[in-house]
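[1] Sequence and predicted model, in that order:
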Amino acid sequence: MQVSETLNEGLKREIKIVVPKADLQSRLGERLEDAKGKVRLNGFRPGKVPVAHLRKMYGRSFMAEIVNEILNETPRSVLSDRGEKSATQPEVDMTEDEKEAEKVLTGDADFEFSLKYEVIPPIEIKDFSSIKVTREVVEILDEEVEEQVKRIAQSAVEYEPKKGKAENGDQVTMDYAGKVDGEAFEGGTDTDAKLVLGSNQFIPGFEDQLVGTKAGDEKQVKVTFPDDYGAAHLAGKDAVFDVKVKQVASAGEIVIDDELAKKLGLESAERLREVVREQIESQYGNVTRQKVKRQLLDALDEQYKIDSPSKLVDAEFNNIWAQITNDLEQAKKSFEDEDTTEEEAREEYMRLAERRVRLGLVLSEIGEKAGIEVSEQELQQAVMNQVRQYPGQEKEVFEFFKGNPDAVANLRAPIFEEKTVDHLLEQVSVTDKTVSKEELMADDEEATETKKAAPAKKKPAAKKKAAPKKKKADAES
């Protein structure tokens, strides 16, 4: 086999492979000799079939098998011999001329083909001790725990029908039908809907107009959808809702005791407070983790200025772009609505794709050099976490992962990344800083998606329902 490099430009490589016809004939001869003792043909005793006859009958199909074996074996051996890692599966380029291909299969011509691929650039692991990150920590006060416990108790409170007018805090049961420009719209109608006045569950202005109503009242509620409402066709529009109040009920006394805890599956009110504290700690801990990780990735981004394989970048960009355009389509918005142009957006997300790929390669190399591995137990746990997200479809989801190794591999990557991040946090300088919850949760303007390498994708618009009972939520980032 003759191997020669025909292209070495940046990360791009092209290797020409020539397998002499003599080598092909030799491998074919071995294959025919092996088949001689196994083939059973009428008119011949076992093991006595002439090789020339076997060649005539099976030579072409055997040679096709040999060619496929060469195509499967060669990329691995060439990369190994050259000490290179391919970013993607090497592309095989060979003749499409039927006559030339036929000569190869009959053993009358050399088998020539080329491998085209991009290498993963060499990455020299640097000293991490110079990297400094700040870990923001929130002190959880008893008052915050108690406030959350009170909300839980409030959500479990029972309402008793009352006579008289509805006040803030009362629950109203109603039927409503909304119209915009005189036309009904999807999500604008409901029956026996329950609403606690003052809860701000509905769009602004809706609940205020029901204060003072009583059972049996019919009222027209006039509101205006917010300009940034998620359903673009309703944003900024005036709407009229015909509301029939069917019942007004007042909330019972809010009681935080062991009985409440037992209703929630816990043994005592004290245990309820412990669980709430753990949940708050977990919530803040996740935000702290993401902020620390972002600082770490930003530092690595400054340290490692390597080239990224274009095929990986293009694949990552295509994934991002598909998500972006899908979100815009569902929100019925354009790039102009997001104060940008398609060209500017493409440039922004291409930079994001390049950063993700580059930092992904860096983290992979760091993790590999550190001997980080993802255990089968961790993978199984990840699969079960996915399964639990689809109640009622557990069997189908489990079978999906069982039959799709690539899907399981996709679960491996984020686990490996998080373990590598843990490894790095042990190497870098971490300073704890106590902050308020408002400071921790505040949006960081520097934490834009153009700087992040994490898998989360920027979404230009939130996906929201048109139903009036859904108050406009903050846009997804």
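    Thanks, I have the structure now.
[2] can we go C-alpha only for contacts and neighbour counts from here?
    Noted.
[3] The least confident helix or strand in the chain by mean pLDDT packs against which elements?
    Across the helices and strands of the chain, mean pLDDT, DSSP states H and E gives its lowest value to helix 21-36, namely a mean of 87. Helix 21-36 sits against helix 51-82, with contacts defined as 3 or more C-alpha pairs under 8 Å, 6 or more residues apart in numbering; DSSP states H and E.
[4] In stretch 377-386, which residues are buried?
    If you call a residue buried by 16 or more other C-alpha atoms under 10 Å, then stretch 377-386 has these buried ones: 379, 383.
[5] Just confirm residue 390 is within a helix.
    No. In this structure, residue 390 is coil, not part of a helix, as judged by DSSP: H, G, I helix; E, B strand; the rest coil.
[6] follow-up on the earlier one: please compute how far the least confident helix or strand of the chain lies from its chain's middle.
    49 Å (C-alpha atoms, centre = their mean, to the nearest Å).
[7] what does that helix contact?
    With C-alpha atoms under 8 Å, 6 or more residues apart in numbering as the test, helix 21-36 has contacts from 1, 47-51, 54-55, 59, 62-63, 66, 104, 107-111.
[8] Only alpha carbons, please: show it as CSV.
    This file holds the C-alpha atoms of helix 21-36, laid out as CSV (Å, rounded to 0.1, in the frame of the first residue of the first chain):
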residue,chain,number,x,y,z
LYS,A,21,-3.3,-4.9,-8.0
ALA,A,22,-0.7,-7.4,-6.9
ASP,A,23,-1.7,-6.8,-3.3
LEU,A,24,-5.3,-7.2,-4.2
GLN,A,25,-4.6,-10.4,-6.1
SER,A,26,-2.7,-11.7,-3.1
ARG,A,27,-5.5,-11.0,-0.7
LEU,A,28,-8.0,-12.5,-3.2
GLY,A,29,-5.9,-15.7,-3.4
GLU,A,30,-5.9,-16.1,0.3
ARG,A,31,-9.7,-15.6,0.4
LEU,A,32,-10.1,-18.2,-2.4
GLU,A,33,-7.9,-20.7,-0.6
ASP,A,34,-9.9,-20.3,2.5
ALA,A,35,-13.1,-20.8,0.6
LYS,A,36,-11.8,-23.9,-1.1
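[9] between it and helix 51-82, how many degrees?
    Angle between the axes of helix 21-36 and helix 51-82 is 120 degrees (criterion: axes from the mean of the first three to the mean of the last three C-alpha atoms, to 10 degrees).
[10] May I see the buried residues of helix 21-36?
    Buried, per 16+ other C-alpha under 10 Å, within helix 21-36: 21, 24-25, 28-29, 31-32, 35-36.
[11] who's in contact with residue 299?
    If you count contacts by C-alpha under 8 Å, 6+ apart, residue 299 has them with residue 131.
[12] on that earlier part again, report the buried members of the contacts of helix 21-36.
    Listed as buried from the contacts of helix 21-36 are 49, 54-55, 59, 62-63, 66, 104, 107-111; burial here means 16+ other C-alpha under 10 Å.
[13] Include pLDDT and distance to residue 97 when you put those into a markdown table, please.
    Listed next are the buried ones among the contacts of helix 21-36 as a markdown table, based on pLDDT from 0 to 100; distance: C-alpha to C-alpha, whole Å:
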| residue | pLDDT | distance to residue 97 |
| --- | --- | --- |
| 49 | 69 | 34 |
| 54 | 79 | 27 |
| 55 | 83 | 24 |
| 59 | 86 | 20 |
| 62 | 90 | 20 |
| 63 | 90 | 17 |
| 66 | 93 | 19 |
| 104 | 91 | 11 |
| 107 | 87 | 16 |
| 108 | 90 | 15 |
| 109 | 93 | 13 |
| 110 | 94 | 14 |
| 111 | 95 | 13 |
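[14] Output these in CSV, with distance to residue 347 appended to each entry.
    As requested, these are exported to CSV (distance: C-alpha to C-alpha, whole Å):
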residue, distance to residue 347
49, 67
54, 61
55, 58
59, 54
62, 51
63, 49
66, 46
104, 47
107, 51
108, 52
109, 48
110, 46
111, 43
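[15] Of the residues you listed, which is the nearest to residue 184?
    Using C-alpha to C-alpha, residue 66 is the member of the buried ones among the contacts of helix 21-36 that sits closest to residue 184, with 68.2 Å.
[16] contacting residues around that closest one?
    Applying C-alpha under 8 Å, 6+ apart to residue 66 gives the contacts 24, 27-28.
[17] Repeat that for residue 427.
    Each residue near residue 427 by C-alpha under 8 Å, 6+ apart is listed here: 128-129.
[18] do the one 5 residues further on as well
    In this structure, residue 432 makes contact with 134-137, judged by C-alpha under 8 Å, 6+ apart.
[19] Could you report the separation of the closest residue in space to residue 358 that isn't next to it in sequence from residue 91?
    Nearest residue to residue 358, sequence neighbours excluded (C-alpha to C-alpha, 6 or more residues apart in numbering): residue 308, at 5.6 Å. Computed as C-alpha to C-alpha, to the nearest Å, the residue 308 to residue 91 distance reads 18 Å.
[20] Which of these two has more residues huddled nearby?
    Higher neighbour count among residue 308 and residue 91: residue 308, with 23 against 13, using other C-alpha atoms under 10 Å.
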